[in-house]
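Chemist: need the 3D shape of this:
(chains A, B, C and D)
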There are 4 protein chains.
Amino acid sequence: MDDIAHFIAGEPYYGEGDRSGPVFNPSDGSTLYQCRYASTSTLDHAVEVAIEAGRGWANASQARRLAVIFAMRQLVIDNSDELARLIGREHGKTIADAKGEIHRGLEALEFATNAAQVTKGEYSYNVSGGIDAFSIRQPVGIVGCIAPFNFPAMVPLMMTAMAIACGNAVILKPSERVPGAAAFIGDLWRQAGLPDGVWNAVNGDKEVVDAMLEHPRIAAISFVGSTRIGEYIYHRGCAHNKRVAAYTGGKNHMVVMADADLEQAASAFVSAAYGSSSQRCMAVSLLVAVGDDTAEQLRSLIVPKIEALHIGAYDDPKADFGAVITADAKRTVEQAISDAVAAGAELVIDGRGFAVPGLERGFFTGATLLDRITTDMDFWKTEIFGPARGIVRAQDLDEAIAITNAHEYGNGAVIFTQNGHTAHRFVTEVEAGMLGVNVPVPVPVGHHNFGGLRRSKFGDAHMYGPDAARFYTKIKSISQRWPVRTQSTIPLSLAFPSNH
Amino acid sequence: MDDIAHFIAGEPYYGEGDRSGPVFNPSDGSTLYQCRYASTSTLDHAVEVAIEAGRGWANASQARRLAVIFAMRQLVIDNSDELARLIGREHGKTIADAKGEIHRGLEALEFATNAAQVTKGEYSYNVSGGIDAFSIRQPVGIVGCIAPFNFPAMVPLMMTAMAIACGNAVILKPSERVPGAAAFIGDLWRQAGLPDGVWNAVNGDKEVVDAMLEHPRIAAISFVGSTRIGEYIYHRGCAHNKRVAAYTGGKNHMVVMADADLEQAASAFVSAAYGSSSQRCMAVSLLVAVGDDTAEQLRSLIVPKIEALHIGAYDDPKADFGAVITADAKRTVEQAISDAVAAGAELVIDGRGFAVPGLERGFFTGATLLDRITTDMDFWKTEIFGPARGIVRAQDLDEAIAITNAHEYGNGAVIFTQNGHTAHRFVTEVEAGMLGVNVPVPVPVGHHNFGGLRRSKFGDAHMYGPDAARFYTKIKSISQRWPVRTQSTIPLSLAFPSNH
Amino acid sequence: MDDIAHFIAGEPYYGEGDRSGPVFNPSDGSTLYQCRYASTSTLDHAVEVAIEAGRGWANASQARRLAVIFAMRQLVIDNSDELARLIGREHGKTIADAKGEIHRGLEALEFATNAAQVTKGEYSYNVSGGIDAFSIRQPVGIVGCIAPFNFPAMVPLMMTAMAIACGNAVILKPSERVPGAAAFIGDLWRQAGLPDGVWNAVNGDKEVVDAMLEHPRIAAISFVGSTRIGEYIYHRGCAHNKRVAAYTGGKNHMVVMADADLEQAASAFVSAAYGSSSQRCMAVSLLVAVGDDTAEQLRSLIVPKIEALHIGAYDDPKADFGAVITADAKRTVEQAISDAVAAGAELVIDGRGFAVPGLERGFFTGATLLDRITTDMDFWKTEIFGPARGIVRAQDLDEAIAITNAHEYGNGAVIFTQNGHTAHRFVTEVEAGMLGVNVPVPVPVGHHNFGGLRRSKFGDAHMYGPDAARFYTKIKSISQRWPVRTQSTIPLSLAFPSNH
Amino acid sequence: MDDIAHFIAGEPYYGEGDRSGPVFNPSDGSTLYQCRYASTSTLDHAVEVAIEAGRGWANASQARRLAVIFAMRQLVIDNSDELARLIGREHGKTIADAKGEIHRGLEALEFATNAAQVTKGEYSYNVSGGIDAFSIRQPVGIVGCIAPFNFPAMVPLMMTAMAIACGNAVILKPSERVPGAAAFIGDLWRQAGLPDGVWNAVNGDKEVVDAMLEHPRIAAISFVGSTRIGEYIYHRGCAHNKRVAAYTGGKNHMVVMADADLEQAASAFVSAAYGSSSQRCMAVSLLVAVGDDTAEQLRSLIVPKIEALHIGAYDDPKADFGAVITADAKRTVEQAISDAVAAGAELVIDGRGFAVPGLERGFFTGATLLDRITTDMDFWKTEIFGPARGIVRAQDLDEAIAITNAHEYGNGAVIFTQNGHTAHRFVTEVEAGMLGVNVPVPVPVGHHNFGGLRRSKFGDAHMYGPDAARFYTKIKSISQRWPVRTQSTIPLSLAFPSNH
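Modeler: Have a look, this model is predicted:
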């Protein structure tokens, strides 16, 4: 089988000097094919292409851009079955889960039909001295998007839909673990009428990432991935005077109060915690039960739900979730469980050593639940990208908020309660960018802003939503006057001009 | 006379371990007093104070904050005479010019009365599945503001008015050349009812700047100054995961077309080019005359206007402009003139060696005009903070735009014309953040956004205007549901939740 | 004593042909002075003045208008003691209450400093075919404001602050019962620097109201008062092609759930129900207790609070509330109480026949509480402008919402609860324009929109807040192109131009 | 052939008691079929259906509504050929012209994908006393839309797209001359997934219009048509307390300055003046040539362009325009020409008595041009819906603006010039709602606001664009507090609550 190529200028591209690496099928552990890893010169080629194509696209009218966005949306819908299979095969997530991510990616495309609205400039008539003040927003140029393995379609769509709608050119680097969706999406953009070269994908690893961070013609970098790498990207990108938005790790606490509907909370926890083998930055990581009674009741509701979960291959229609991304990931998760037990956590359900019959080489881990997790344990401190979740016990709301805020991450945080005061305190006091009240996965809808706080985001941008349009545009402020002279000589005035 | 102190917790503060340096009166070259230079421990103290006071201010209601802003505005008006004298004495600019900058600073305070409006969150009812999505904006915490010498009152007011109105605490580092205004303004904030410790000023040099950039509790840095330092600040601040906005150098081209009203253009040029001894980042630096005829006519109109200028001490009511900031600055400007002449420029009016009778030790330089400046000369490339300005000759609009865009800076750019097409091309094609059409100093009015492009700004923020409110706040996105259970058991759904 | 005059062109004005009527001091029943009632020709004069002055004001820059708003705000603060006394004397409300209304009027002035922000037009660059689309907002011209007796200062300030800030001229008709504040405020505008003739007040009754509704040069009418008159004004104003906003009656239900903090609710009820002798369109009219237990507990908490109320003259510092506006008003309220008792209501506290010793001719009525009010009683159906309030008993939230929505009025509605779901249902299902959750008088803050629903408002405008700025401006949409010809002949295209 | 039915509850509906009338093919004068004219009881039925279906749609989530809008957009595109033929056959306009209107209707659908964005409420955190203030927008209920004959598809789409997207139910009354498109569009909505009964069409004449205006359950009326009828509708709708927006007549002046590109102006004039047989409210009605020289040059450029126009049947691919709507319309236009000549106008090109060979019974009128039209002529005063256009001569810009502003209508107005000052004066001084600078048909793009001024619009709403979303929603303002009690007794405070 051919290597997975880059997608440059509307077609597959194989760069001289590229290296390559394997792409696995996590469900059976097999190697699907090799993926090209771009060299710096491949990136340079992509940038040249993007400069040329981007010039025309930046000058395209809003009407023309909008037509492409509408067409792209329809193409994603029409091709979602094939795209979901492609995602599942490389990633391991179930088809239903893959369709869920495609749908959220579609939201970003749908909100991109609002680009002309949310990038409007402002016009003030006669601010002072016959001057009209107004502003326009123009694209920033070339945007580099560095995407993670866990959402092979959604994150690339979220990153690039508004960038394209605002008139930028894009160079996407998908995860080298799941490169297939990017090439597929690139071809849909082509079919949608986007001029070749406006949307490009280069595969690779650190070499191409560094080249992107340093390239003088890439104006902005959008990244989703781990905090460790995101922080590096933020520092290095800024050191090269780029706009950088890095959306990074999460350890999302789900606080459940005694007054909550515990059956709802228990069900929400299991769905939000184990979906996609817990490989989501917005997955619930920890259940913070407020009061021991609450903890006990929740546990008794949760355990049978977990035990009923079905784990299987991506294309097993009965599967609730599938494999993790690599054999290494499986080992890491299982080690984290062992370490937690050693540190004093109570092992309620043990998913270690799990295998799917017939797929013994697949990277599966069973759903694991630990109780009595405390904030001194690595299990609490570390983001775990695999189905091992824990219960933390808090005495009251104050302690629950304090635990949530003690973590270095502030991506999502959730509370289940019926009480208005409790919810309001949680929302205003918890330092997380995306908060849920009786909503376990508080990923904002497409017309609101996605982004965490603290070490879950570097830079002040948002990945989608109206604020994201700002990231992809620059503002010019114009002061304009059309004077008619009424005196033969205009007097000088060297004092600083003011409007008073 | 006492040293100029820091202003911390509502009162003067002298830190142990501080160094100090002289503050001059540029009009006569005398030393007014010494200014304290904060040590790192002085900064640490200021931050401790700001944390404590900032907590209360962040929780203050919008109504309470607004009352302080209104009071502060009135106090600045009531004290503008005294403030203007203080500015003039340390800086050298005329009283009228100082009042001009105070008025522009007032605009920032006046726009800060819009803080509650421009920081509104958004509320979407029933986005999907009974969920309401909404957002709130909260202050970022402590903001560090590093101000330049050229606008001792205006820039500090522009930087801090919206920061305070949004609920942040502020640590301002004014220029050590002009520290007096900051202490004066700090006391006005106190009188306005701002709790002690919310607005602080620390004086100093690189030591305290570095301490600010590295302090883990300072969340955001706003800087105005040279490109060299601004770039350093952006890199170092970002490397410490701060929001950084650095507004830096300018070399503002004023293009004059043949169809412009040349008398208006000539007068606008002289006012905008030489005001404040040309020590403004938004001063007109270069006159780009389109067509030789235009150049000749403009020159003949401009020369007598320059020759009529009166240069004098800050408190000389007849003075059009005053001294430059230091003896070094005077030498630098005069050297730049000599270098330009050596490089082939035509010296039309020579301001070198100028002295005001009776103030022979003052740092005065006469107004200088050079013609036939070309883009290969250092005179074109370098920002010159002193009254030496040049004429560049272009054949047509294409060349004028090309020259303007060839410069590394993109702060302001201006065109004088009567033609709509010409103005529209200029505004859309020139890569500067603030553009003027028949307006020579296109500093946007307070409800529009201040900021340059290219190497005139690092970071994507704006110093004032509605976009600035975004810099001083963080956004939380909330997904909220208040469900009633209608089933005894809630089914699981581990696929990624979508709204389709 | 002189008659109260009109205020036209910056000074008192007495029109030939005017009639007049008495202004009372409700606290002692005396006649203070006569108030002029404008004839049609007096109105015509005012309009002529406003046309002339309005032209200049419409062309004034935003900076100039803003300066007047800031000055006016300070003048109202500086004169609030005198204004409060003037209000209390004519209206009967306590000084503290009068200061409360002045402060809310100030909020409207304070929000008017946001006029330039909230009236910004929009600018879209290159929408299609080289066209830029943008919009500007300009003042509508002359605005007629018809104010009620119950807020002699607040409503005129709310109506006119944004109208003035947007560049309109104003003709205010205050209530002929309380004309003094308008003249006083008019003079403050003059002191604030508003050009004479931009803000005018004409006193009078139906004759001048009709003349305002029919005058071809008055572009917009803002009214606050009863539903009967408001509906008439809406119909007649619209029949003369004006913009009309009529804010009318209320019958504000305060629902208290069993889970609410009943002491808080009881205290809130007494304050919000009886303040200003209940003469507020946003007063709580009815307490809807959910569950008989809740009703009994609330009643036992409320009765002693009512019994502790002190009723007295406007300048009695111990008074909680004062007289009603006229002897007729007193009779109407007492009749409504008697009718309710006859209809089956339980009289818990009877305020009929109340008199303040020494002020026996004052128009006082005691605080009255009725229980077991039902929706078939006139007491439920009718807005009662006097201190007679009732308790309605509901079985559950469904019934409480149904009762609230059954009323023809939809001004304010309030719920007290601790439950998020309950509050959310109330807010989304109750058809009232201003809703409170644990806030008994849900008058929105100045940067949110004031206005009721159903028969509590005619027209879709809002009295203050950002939406109000829309009422006072008209929008122009501009499509602008600055083409350069590239062909010698331009081909025709008679099909409807589209952007596709 | 069957009568054209109403479209109610997702299917054709024939009401008992309905009358009917003929629908013509203007291209050959034949009668195509009969159209039902709804009786009041048919309308009552439609309203009942809309109430029931509207309740569910009002409660549908934003996500669900958006999906319908996207689907509808695609269906209109997929069916545009058939829809264009249907329009042309009933209306007489060319297929190309019909496609043009469909495309502009599509823009309204495309902007309706922004509904969730442009109807966002606002959220203010801690405005005062622990209160959060926020707002939500909900649909108004049932919207009645009364459409004109000249845009059988575009206007119904413009009126209803945002109404549906905001959650309202719709009852559309198309013109009884062109009823076919409405039924066709109704079926597309059904295919798009809109629940039956949310979008309904009733055909008819004044009887059903009056019934709509008076029906207590129709909350808002949107109308496009003549000023005479629009004014009636505004008065009668407001008298029944509805929101009414009536977009009415135009007499759009196109001012051409001497400095304009006259070939461009001439071509723009012919296209914009005669397209669709001049039956557009935004057609250019009059050419105002500034300077006699300009007039002469323009005339010499225009005459050959008009003479080259081809007039023919709707399906004649060579036709530039087609027939007018009825035989009466033809007579009215030709009479207006004769009257103008009698009043002193110069007849440059005479289109009277024109016939297309083979279609002698078609309602054709030839393109007519008159010169020296003056403002005292009926030809200047009256909107003429047929291809008779005139030239007015003005001496200078002042006179051109004065002429434009002298007309009672203020729909569109256009200037052709190269001068920025001239354009700016025109835009700020001309009292028209939609202005063009070098754009002959200044219909704003879908994300800007459509609406005239003066007697070209009654009510202050806009038909599409962001402001239109406001017309279709009502705003609720909520003040919310979640208090915790800190005292055992809550003190009373009867003074008006303020935030100071």
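Chemist: spell out which parts of the stretch 201-350 of chain A neighbour chain C.
Modeler: Taking CB under 8 Å from any CB of the partner chain as the criterion, chain C has no neighbours within the stretch 201-350 of chain A. In this view, the C-beta of every residue, glycine as well, is placed from N, C-alpha and C.
Chemist: any idea how far chain B is from residue A:379?
Modeler: 22 Å (CB to the nearest CB, to the nearest Å).
Chemist: any idea of the pLDDT on the residue nearest to that residue when sequence neighbours are not counted?
Modeler: Counting by CB to CB, 6 or more residues apart in numbering or on different chains, residue A:340 is the residue found nearest to residue A:379 once chain neighbours are left out, at 3.8 Å. pLDDT recorded at residue A:340 is 98.
Chemist: contacts only, for residue A:340.
Modeler: Contacts here follow CB atoms under 8 Å, 6 or more residues apart in numbering or on different chains; on that basis residue A:340 touches A:347, A:370, A:373, A:377-379, A:388, A:390.
Chemist: quick check on those residues: which are buried?
Modeler: Neighbour-count burial (16 or more other CB atoms under 10 Å in any protein chain shown) applied to the contacts of residue A:340 gives A:347, A:370, A:373, A:377, A:379, A:388, A:390.
Chemist: now do the contacts for residue A:186.
Modeler: For residue A:186, the contact set (CB under 8 Å, 6+ apart) comprises A:7, A:10, A:172, A:199-201.
Chemist: so it lies in a helix, does it not?
Modeler: Yes - under DSSP: H, G, I helix; E, B strand; the rest coil, residue A:186 falls within a helix.
Chemist: where do the helices sit along the stretch 401-500 of chain A?
Modeler: A:420-429, A:466-471 (DSSP state H, counting those that start in this stretch).
Chemist: looking at the ones you listed, which is buried most?
Modeler: Looking across the helices of the stretch 401-500 of chain A with neighbours counted as mean count of other CB atoms under 10 Å in any protein chain shown, the highest average goes to helix A:466-471: a mean of 23.
Chemist: what does residue A:318 show for phi and psi?
Modeler: Residue A:318 adopts backbone torsions of phi -90, psi -10, taken as degrees, to the nearest 10.
Chemist: cross-check the contact I'm expecting between it and residue A:311.
Modeler: No - using CB atoms under 8 Å, residue A:318 is not in contact with residue A:311; the gap is 9.7 Å.
Chemist: higher neighbour count, these two?
Modeler: Taking other CB atoms under 10 Å in any protein chain shown, residue A:318 and residue A:311 do not tie; residue A:311 has more neighbours (25 against 8).
Chemist: now the residue in the stretch 251-400 of chain A positioned nearest to chain C. Nearest residue, chain neighbours left out?
Modeler: When distances are taken as CB to the nearest CB, the stretch 251-400 of chain A reaches nearest to chain C at residue A:259, 9.1 Å away. Leaving aside its sequence neighbours, residue A:259 sits nearest to residue A:418 (CB to CB, 6+ apart; 5.0 Å).
Chemist: what's the neighbour count on that neighbour?
Modeler: Residue A:418 has 20 nearby residues by other CB under 10 Å.
Chemist: would you mind measuring from it to residue C:416?
Modeler: Separation of residue A:418 from residue C:416 (CB to CB, to the nearest Å): 16 Å.
Chemist: would you map the helices across the stretch 1-150 of chain A?
Modeler: A:40-59, A:62-78, A:80-91, A:95-112, A:115-118.
Chemist: dump these to TSV, plus mean neighbour count and mean pLDDT.
Modeler: Compiled in TSV, those are given as follows (neighbours: other CB atoms under 10 Å in any protein chain shown; pLDDT from 0 to 100):
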stretch	mean neighbour count	mean pLDDT
helix A:40-59	19	98
helix A:62-78	21	98
helix A:80-91	22	98
helix A:95-112	26	97
helix A:115-118	25	98
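Chemist: want to throw those into TSV with distance to residue D:354?
Modeler: Shown next, in TSV, are the helices of the stretch 1-150 of chain A (distance: least, CB to CB, whole Å):
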stretch	distance to residue D:354
helix A:40-59	44
helix A:62-78	36
helix A:80-91	56
helix A:95-112	49
helix A:115-118	42
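Chemist: near chain D, which residues of the stretch 101-250 of chain A?
Modeler: Counting by CB under 8 Å from any CB, the stretch 101-250 of chain A sits next to chain D at A:110-111, A:113-114, A:116-118, A:120, A:125, A:132.
Chemist: nearest to residue B:460 among those?
Modeler: Nearest to residue B:460 among those is residue A:118, at 15.8 Å by CB to CB.
Chemist: next up, the contacts around that closest one.
Modeler: Residues near residue A:118 by CB under 8 Å, 6+ apart: A:466, A:469, D:117.
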